[in-house]
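In: Please find the sequence and the predicted model below.
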Amino acid sequence: MITGSEMAVVDENAAALGVPRKQLMESSGNAVARAVERIADQGASVRIVAGRGNNGGDAFVAARFLDAYDLSVSLLGRPETITTEIARQNWTALEQSDYETEQVRDASQFALDDPDVIVDAMLGTGISGPLREPTATAAARINDSESTVVSVDVPSGMDGDTGALAAGAVEADRVVTFHDTKPGLDELDATVTVADIGIPDTAELFVERGDLRRLDRDPTSHKGDNGEVLVVGGGPYTGAPALAAQAALRAGGDLVRVACPRAVADAVQGYSENLIVRPLDGATLAPSHVDELIALADASDAVVLGPGLGDAEPTLDAAADFLERYDGRAVVDADALSVVSEVETTADLICTPHQGELLKMGGETAEAWRDRADRVADFAAQIGQTMLVKGAYDIVSDGTRTRVNRTGNPGMTVGGSGDVLAGVVSALAATCGEHDAAAIGAYVTGRAGDLVADERGNGLVATDLVAAIPRALWQGTE
Ligand SMILES: NC(=O)C1=CN([C@@H]2O[C@H](COP(=O)(O)OP(=O)(O)OC[C@H]3O[C@@H](n4cnc5c(N)ncnc54)[C@H](O)[C@@H]3O)[C@@H](O)[C@H]2O)[C@H](O)CC1
Ligand SMILES: [K+]
């Protein structure tokens with residue numbers, strides 16, 4: 001089962017992997033034509049009723065495979081208002097090839113002459129809201145007809161994400177859906193065919209640019225809605241918490257605070273006026289700080305625990321106390337990772353170890369990335385948290401879903417890139433679930449590294465990554 005929104009991610013990832021949407025549309029249309037052939041003899045009358053989106057586009061393709069039928073195609077609208085290039089191209093091909101076509105400008109013009117088969121391609125997963133004219137009238141006429149109705153992808157009027165049927169939705173006899181079944185289809189009194197349209201299976205496994213659709217920012221959001229992040233770090237090191245904090249800001253975090261030992265507070269503040277530093281007494285994190293950290297964390301949307309903390313006994317005790325008392329979202333990185341397996345926590349963690357740190361946590365790794373993916377998924381299920389195991393192929397898993405990220409390059413082994421990743425993931429975790437935040441965070445950070453490597457080769461440093469995050473994040477989708 002896959003939702004319409006998820007399909008939009010997968011089909012854009014297929015395009016990123018070299019299988020463009022127009023190719024998918026050709027496969028979809030061919031599958032629709034084969035379904036018509038299964039239910040109607042050659043020469044039977046077939047009426048395609050198409051909308052102005054890609055659902056219609058699928059049917060314009062199907063038309064080219066139905067020459068043996070008494071075929072006519074009705075477009076609900078004007079061709080120049082067809083909403084996508086690939087659908088428009090397939091409509092134009094019908095016009096130029098002299099297929100029997102008509103343009104229905106107004107519902108009153110729409111007449112059905114009781115064809116044997118009606119192909120319902122008015123609306124697919126792009127539906128929003130109740131049926132509008134002329135679709136509503138066309139759907140009513142289709143439902144009143146005696147024809148056998150074959151719906152493309154979903155019956156027009158069905159919501160691709162929830163399966164809910166709008167009032168007046170088409171009552172299909174058959175549905176030809178693509179790649180995987182959709183919510184609601186198995187509750188219909190219709191024969192459903194799931195057509196393979198040639199989407200590579202890695203389009204769901206690999207994190208690609210289509211995943212950026214999951215970050216649709218709510219344009220009406222105002223300061224503080226898109227992520228207040230608390231970075232708990234510093235002590236032996238000062239750069240790490242500053243890198244994580246700057247990365248969180250560059251990844252869209254609105255307000256980022258750094259809770260660090262007083263001894264390094266000036267150094268951390270010195271890196272940037274963008275940071276709000278909350279000094280903690282002393283030179284390293286200690287259990288006496290945990291009350292204040294919990295108060296600060298509860299006022300944030302996500303926490304990064306670890307950058308530059310060091311592994312002094314009191315520091316690890318403090319990290320363990322914090323995790324046992326915190327119940328929000330936290331990215332755990334660096335030295336703090338070693339306490340995760342020892343604590344009972346209700347927090348939703350995203351652990352970002354490299355393979356060596358994974359072993360220290362009690363996890364297992366493997367040379368081949370598919371084997372490593374299995375082991376990481378098992379470990380994530382065992383500890384009940386989201387794992388992001390860094391490597392040439394980053395493995396992300398929450399024990400149920402597993403993704404693989406291939407962006408990044410050897411230049412990113414430079415110190416600090418792990419701090420940048422942790423910061424990016426924390427900002428995303430403030431606006432989307434842990435699993436997606438980890439997958440997209442790995443993709444964006446690696447992509448930032450690739451953008452910088454194009455310009456600087458292996459001379460990249462972690463601050464270059466921070467600067468490239470916005471370009472990597474808002475590269476835009478198709
Ligand atoms: N995702 C895939 O792998 C593939 C999907 N295919 C087909 O594409 C459609 C989705 O196409 P899309 O262009 O996003 O939208 P639709 O064609 O479903 O509809 C948009 C169209 O309809 C109008 N509209 C929206 N809501 C309403 C309404 N309530 N009443 C009337 N009209 C409405 C809107 O204005 C647009 O004009 C998917 O279902 C598949 O069939 C690919 O071709 C194959 C791969
Ligand atoms: K449809």
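Out: Structure received. Ligands and ions are numbered 1, 2, ... in the order given.
In: Residues of the stretch 1-150 of the chain that sit close to ligand 2?
Out: Within reach of ligand 2 by CB under 5 Å from the ion, the stretch 1-150 of the chain has these residues: Asp120. Placement of C-beta: from N, CA and C, glycine included.
In: cutoff 8 Å now
Out: Contact residues, the stretch 1-150 of the chain versus ligand 2 (CB under 8 Å from the ion): 51, 55, 120-124.
In: In strands only, show me those residues.
Out: Among these, the members found in strands (DSSP state E) are 120-121.
In: give me the subset of the residues of the stretch 1-150 of the chain next to ligand 2 touching ligand 1.
Out: Checking those against ligand 1 by CB under 6 Å from any ligand atom, the ones in range are 51, 55, 123-124.
In: And those, which of them are buried?
Out: The neighbour count (16 or more other CB atoms under 10 Å) marks 51, 55, 123-124 as buried among these.
In: Doesn't Val192 lie inside a strand?
Out: Yes: counting by DSSP: H, G, I helix; E, B strand; the rest coil, Val192 is located in a strand.
In: Low-confidence bits of this protein, can you list those?
Out: For the chain, applying pLDDT under 70 flags the ranges 217-226, 476-478.
In: Domain map for it?
Out: According to automatic domain parsing, the chain comprises the domains 4-205, 210-474.
In: Tell me if the helix or strand where Ser27 lies is near ligand 1.
Out: Using DSSP states H and E, Ser27 sits within helix 21-39. Yes: shown here: helix 21-39 in contact with ligand 1 (CB under 6 Å from any ligand atom) through 24-25, 28.
In: Name the surrounding residues that touch that helix.
Out: 11-12, 14-15, 46, 54, 57-66, 69, 86-87, 89-90, 117, 119, 121, 148, 150, 152-153, 174, 176, 178, 193, 195-199, 478 (CB atoms under 8 Å, 6 or more residues apart in numbering).
In: Any buried residues in that helix, and which?
Out: Neighbour-count burial for helix 21-39 [16+ other CB under 10 Å]: 21-33, 35-36.
In: what does stretch 100-107 give?
Out: 101, 104.
In: end to end, how far does it reach?
Out: 19 Å (CA to CA, to the nearest Å).
In: do the same with stretch 232-248
Out: Stretch 232-248: ends 13 Å apart by CA to CA.
In: likewise stretch 172-181?
Out: 15 Å.
In: Please see if it touches ligand 1.
Out: Yes: part of stretch 172-181 sits near ligand 1 under the criterion CB under 6 Å from any ligand atom, namely 178-179.
In: In that stretch, which residues are buried?
Out: Residues 172-179, 181 are the ones in stretch 172-181 that count as buried (16+ other CB under 10 Å).
In: and these as JSON lines, adding distance to Pro307 and secondary structure?
Out: Converted to JSON lines, these look like this (distance: CB to CB, whole Å; DSSP: H, G, I helix; E, B strand; the rest coil):
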{"residue": "Ala172", "distance to Pro307": "55", "secondary structure": "coil"}
{"residue": "Asp173", "distance to Pro307": "60", "secondary structure": "coil"}
{"residue": "Arg174", "distance to Pro307": "56", "secondary structure": "strand"}
{"residue": "Val175", "distance to Pro307": "51", "secondary structure": "strand"}
{"residue": "Val176", "distance to Pro307": "51", "secondary structure": "strand"}
{"residue": "Thr177", "distance to Pro307": "46", "secondary structure": "strand"}
{"residue": "Phe178", "distance to Pro307": "44", "secondary structure": "strand"}
{"residue": "His179", "distance to Pro307": "40", "secondary structure": "coil"}
{"residue": "Thr181", "distance to Pro307": "44", "secondary structure": "coil"}
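In: Closest one of those residues to Ala468?
Out: His179 (33.4 Å; CB to CB).
In: what helices or strands is the helix or strand where Ala437 lies leaning on?
Out: Secondary structure assignment for Ala437, by DSSP H and E: helix 434-456. When contacts are defined as 3 or more CB pairs under 8 Å, 6 or more residues apart in numbering; DSSP states H and E, helix 434-456 sits against strand 348-351, strand 386-389, strand 394-397, strand 402-405, helix 417-429, helix 462-473.
In: For that helix, buried residues please.
Out: Applying 16+ other CB under 10 Å to helix 434-456 flags 434-453 as buried.
In: List, one by one, the residues from the stretch 151-300 of the chain near ligand 1.
Out: Taking CB under 6 Å from any ligand atom as the contact definition, the stretch 151-300 of the chain meets ligand 1 at 152-153, 178-179, 197.
In: between these, which is closest to ligand 1?
Out: Asp153 (3.5 Å; CB to the nearest ligand atom).
In: isn't that closest one right up against Thr177?
Out: Yes: Asp153 is within contact range of Thr177, at 5.3 Å (criterion: CB atoms under 8 Å).
In: beta partners of the residue found closest to Ile276 once you drop the neighbours it is linked to in the chain?
Out: Closest residue in space to Ile276, ignoring its immediate chain neighbours: Arg257 at 4.6 Å, by CB to CB, 6 or more residues apart in numbering. Counting by DSSP bridges, Arg257 is bridged to Leu230, Ile276.
In: Just to check, Arg257 is in contact with Gly227?
Out: No: Arg257 is beyond contact range of Gly227, at 11.8 Å (criterion: CB under 8 Å).
In: Between all of the residues of the stretch 151-300 of the chain next to ligand 1, which two are separated the most?
Out: It's Val152 and His179 that sit farthest apart of those, by CB to CB, at 13.3 Å.
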